[in-house]
Each structure stands twice: as structure tokens, then as C-alpha cells.
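> fold the following.
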Amino acid sequence: MIKLQKLLVGAMLSVIAATAAHADSTPVAKDIVLVHGAFVDGSGWRAVYEILKKDGFHVSVVQEPLTGLAEDIAATRRIIDQQTGPVVLVGHSYAGSIITDAGTDPKVRALVYVAAFQPDANESIGQLVSKFAPPNDAVQATPDGFLYVDPAKFHATVAADLPPSAIEYLANSQQLVSAKVFAAQTSVAAWRVKPSYAILTTQDHAINPELQRWMYKRSGAKVTEVNASHAVYASQPDAVARVIETAARQSN
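Numbering: from 1, shown residues only. Coordinates of the predicted model:
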């Protein structure tokens, strides 16, 4: 009888342990919102999108106009409004400024910065860039104040680890960004009250890796270093998806 009781207790403990383990691995946030950076559009997220969808997440991609920080934040908030549950908000590059502000939405549980700027409240990208030497002079301006990457320098600056055919397409299908976004200051910093995760790209020639390191240390973000170019979401989508899924499981 005692032996039977021990067996029953052991079985119950196994069930409890298995249930707890399952709970630990079950994502708290099932909705992922991806926000692209300057010079590209949301299609660049396709590989990350497919991985996250396969793993059971609901994924939405913002197509912001890149005409001004306020307009881009508004476009992101519209997509957040469409989500039904807790959200992990992900931004690449310039979109770090967008998610820093839009991330104050109550639905947003965690922020993921992918080779992204992470400004504080009342801080602009221009102020951040001035702290470290810019990687190069590839960015050019149109007469009406929009910026683009010199196609001849796109490979070295943005996507050195992508195939030549992909780089050529990206260079020739750029979405130009208003120069004023780099002077615009964020009004709040969601990362001060919500958990943040960051992917630091060590071979980045668009955002100085040392600037990334400085920003992410300041915010206390959980950092994953990846030996990749600025276009890490396209060159190493598995690594990016893993960080996003970790944020989804650890958010509260």
C-alpha cells in the first residue's frame, strides 16, 4: 500500500512538473508587430514573419510612410490597435525611435530593438549619432529633404552579408525617409517601464556597434550579439526570431 502511495505521489509530481514546464514555455504575448526602418519597407521582414508564423504567433507588419516621426508612430499605433492580445513590438534601425514612443500602449508587453536606435525621452537620432563617429558617408539627400543610401555604397553600408542579387534589389527599391525624422525627439521612453531586448550587430556599418552597445547598456536591455550586418533580419532571420520569441515568453 505504501509503495502504491509513493508511486501515485511520484506520478502526480511528474504531472505538476510537466505542467509547469509547459507553462514556462508558453508565450505570454502571441501578437508580434514588426516595424521596418529607413530606406526599406515591411517586405524585408518576410523571413522573420514566416518563422514566427510557423511557431504559432500572430504577426503584423507596419508599413509606415517615413514622412515624419509623429506620422510613423501613428501608423504603428494603428496596427497595435488591431491586435487582440498582449503585443511584442519590434523595431529595426530608425524604427527604434518609433517603438520607443508607440511602446507605451497598454497592449505592448515588451520591446525588441533589432540593430536599432534606442533614444530616451526628448532625445533624437541626431543626438545619438553625434556621440560616436558615423560609420560612413553613404547617406545622400534629395533637394526636397528626403534621404537615401547611395546605391553604390548600399552593399557595404547596409547589407554586406546578403547575396548580390538581393542587395541590388534593395538598393534600387529604397523607400526614402524624410530628413526631419533624425531631428525629431521622442516624447516618452517606453523602455523605462517595460522590458526591452536588443540585437547588437557587430558588423554594422549603418549604426555604429559601439553606439548600439552604449544605448543598450543605458536601457538595461537584454542584449544578443550577432555577427551580422545592419540587415540582420534578412541575413540571419532565425537569430532575430529567437530573440523575439524569447521576449514573447518572458514578457509579463
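
> which residues does residue 140 bridge with?
Beta bridges link residue 140 to residue 148 when assigned by DSSP bridges.

> now do the strands in this structure.
Using DSSP state E, the strands of the chain run over 31-35, 58-62, 87-92, 108-114, 139-141, 146-149, 177-178, 196-201, 222-226.

> packing partners for the fourth one?
Same thing as strand 108-114. strand 87-92, helix 95-102, strand 196-201, helix 237-250 (3 or more Cβ pairs under 8 Å, 6 or more residues apart in numbering; DSSP states H and E). Placement of C-beta: from N, CA and C, glycine included.

> for residue 49, find the nearest of these.
helix 237-250 (8.7 Å; Cβ to Cβ).

> now the closest one: how far from the chain's centre is it?
Taking Cα atoms, centre = their mean, to the nearest Å, one finds the center of helix 237-250 at 10 Å from the center of the full chain.

> same question, stretch 119-138
18 Å.

> now stretch 54-67
11 Å.

> gap between the two ends of it?
Stretch 54-67 has an end-to-end distance of 33 Å (criterion: Cα to Cα, to the nearest Å).

> now stretch 175-192
31 Å.

> do stretch 112-121 as well
Rule used - Cα to Cα; the end-to-end distance of stretch 112-121 is 17 Å.

> list the buried residues for that stretch?
Within stretch 112-121, the residues that count as buried by 16 or more other Cβ atoms under 10 Å are 112-120.

> on that earlier part again, quick one, which of the strands of the chain is packed in tightest?
strand 87-92 (a mean of 30; mean count of other Cβ atoms under 10 Å).

> returning to what we had before: can you list the strands of the chain in JSON lines and add distance to residue 70 and mean pLDDT?
Shown next, in JSON lines, are those (distance: least, Cβ to Cβ, whole Å; pLDDT from 0 to 100):
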{"stretch": "strand 31-35", "distance to residue 70": "15", "mean pLDDT": "98"}
{"stretch": "strand 58-62", "distance to residue 70": "15", "mean pLDDT": "98"}
{"stretch": "strand 87-92", "distance to residue 70": "16", "mean pLDDT": "98"}
{"stretch": "strand 108-114", "distance to residue 70": "18", "mean pLDDT": "98"}
{"stretch": "strand 139-141", "distance to residue 70": "21", "mean pLDDT": "94"}
{"stretch": "strand 146-149", "distance to residue 70": "17", "mean pLDDT": "96"}
{"stretch": "strand 177-178", "distance to residue 70": "11", "mean pLDDT": "97"}
{"stretch": "strand 196-201", "distance to residue 70": "22", "mean pLDDT": "98"}
{"stretch": "strand 222-226", "distance to residue 70": "29", "mean pLDDT": "98"}
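
> save those strands as TSV, and put in distance to residue 246 too.
Below are those laid out as TSV (distance: least, Cβ to Cβ, whole Å):
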stretch	distance to residue 246
strand 31-35	12
strand 58-62	16
strand 87-92	10
strand 108-114	9
strand 139-141	32
strand 146-149	31
strand 177-178	29
strand 196-201	7
strand 222-226	8
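
> quick one: closest of those strands to residue 251.
Across the strands of the chain, closest to residue 251 is strand 108-114 (Cβ to Cβ), at 3.6 Å.

> just list whatever residues bridge to the nearest residue to residue 199 once chain neighbours are set aside.
Nearest residue to residue 199 in three dimensions, chain neighbours excluded: residue 114, at 4.8 Å (Cβ to Cβ, 6 or more residues apart in numbering). Beta bridges link residue 114 to residue 92, residue 199 when assigned by DSSP bridges.
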